[in-house]
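Student: no sequence for this one, just the structure:
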Ligand SMILES: [Zn+2]
């Protein structure tokens, strides 16, 4: 049963959640948010970021996505009662010139870098709201357009591998049941977007995630990112996304020879 979200004025707006190559998602690549800063604004923003109160600690430290060699970036989330950010976020602003949403900068500047007293909320379900962060970053072209893609579970990965035949790759990263596309990591670390069956568009290769197109041009939904909805938070249940890969395999007719029905429940693919 879905749990109710806290009222919106009690949720914390997320800042500084980044894409990670080992678990690709639509979170933004900070390299695409680098910009120029007014130094007075940056100083106030840095002071403000460092003045947040610790809300949650994690067992593992974060790492810099610029691979700058700084080492562990921090292991806590900080908050001012309205926003929440990883304690490593100041590093991105200070060392790499990463920009942040204007409303947050304005708040930090108005407060002269000082976090006003507030009551620390209790960590609970639905406390974090990452919708505005994604919408802001997406509007700046910082998010890989991976709508509809998900990491395959073992059973699906096996079926994709069977469909891919003798294609050479190191790992199946993502699959999209609606568009029948998969994202493969190749042996040299580069990426390949391809259809699971012959007859689709030819495979496309990208040196890394930074080279991945910023719009949906790589996928089959070529106009999705051009719409004005970029400024809106994504609806919670992502309606209209199409099939999951499991549904795709369930609906697909077997190639031949092994019956045209009744097998779909026995092959390990599951609906949830
Ligand atoms: Zn760094």
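Tutor: Right, received. Where do you want to start? Since the structure is predicted, the reported quantities are computational estimates derived from the model, not experimental observations.

Student: domain assignment for the protein?
Tutor: 8-139, 154-266 (automatic domain parsing).

Student: Could you save those as a markdown table and add columns showing mean neighbour count, distance to residue 145 and mean pLDDT?
Tutor: All C-beta atoms are positioned from the backbone trio N, CA, C, and that covers glycine. As requested, the domains of the chain are exported to a markdown table (neighbours: other CB atoms under 10 Å; distance: least, CB to CB, whole Å; pLDDT from 0 to 100):
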| stretch | mean neighbour count | distance to residue 145 | mean pLDDT |
| --- | --- | --- | --- |
| domain 8-139 | 17 | 7 | 95 |
| domain 154-266 | 15 | 4 | 69 |
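
Student: Quick one: those as a markdown table, columns for distance to the ion too.
Tutor: What follows is these, written out as a markdown table (distance: least, CB to the ion, whole Å):
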| stretch | distance to the ion |
| --- | --- |
| domain 8-139 | 3 |
| domain 154-266 | 15 |
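
Student: For those domains, could you give me CSV that also reports distance to residue 2?
Tutor: Listed next are those as CSV, based on distance: least, CB to CB, whole Å:
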stretch, distance to residue 2
domain 8-139, 10
domain 154-266, 9
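
Student: Any idea which of those domains gets closest to residue 146?
Tutor: Between residue 146 and the domains of the chain, the shortest gap by CB to CB is with domain 8-139, which sits at 5.1 Å.

Student: Distance from the closest one to the middle of the chain?
Tutor: From the chain centre to the centre of domain 8-139 is a distance of 15 Å (CA atoms, centre = their mean, to the nearest Å).

Student: how about the helices of this protein, start to end?
Tutor: Ranges of helices in the chain, per DSSP state H, are 39-50, 89-96, 102-110, 131-139, 154-164, 245-251.

Student: Check which helices and strands the fourth one sits against.
Tutor: Which is helix 131-139. When contacts are defined as 3 or more CB pairs under 8 Å, 6 or more residues apart in numbering; DSSP states H and E, helix 131-139 sits against strand 12-14.

Student: Could you spell out the sheet neighbours of the strand it packs on, each with its direction?
Tutor: Strands that pair with strand 12-14, judged by DSSP bridges, come out as strand 83-86 (parallel), strand 128-129 (parallel).

Student: Other residues contacting the shortest one?
Tutor: So the one you mean is strand 128-129. Under the contact criterion CB atoms under 8 Å, 6 or more residues apart in numbering, strand 128-129 has outside partners 8, 11-14, 84, 233.
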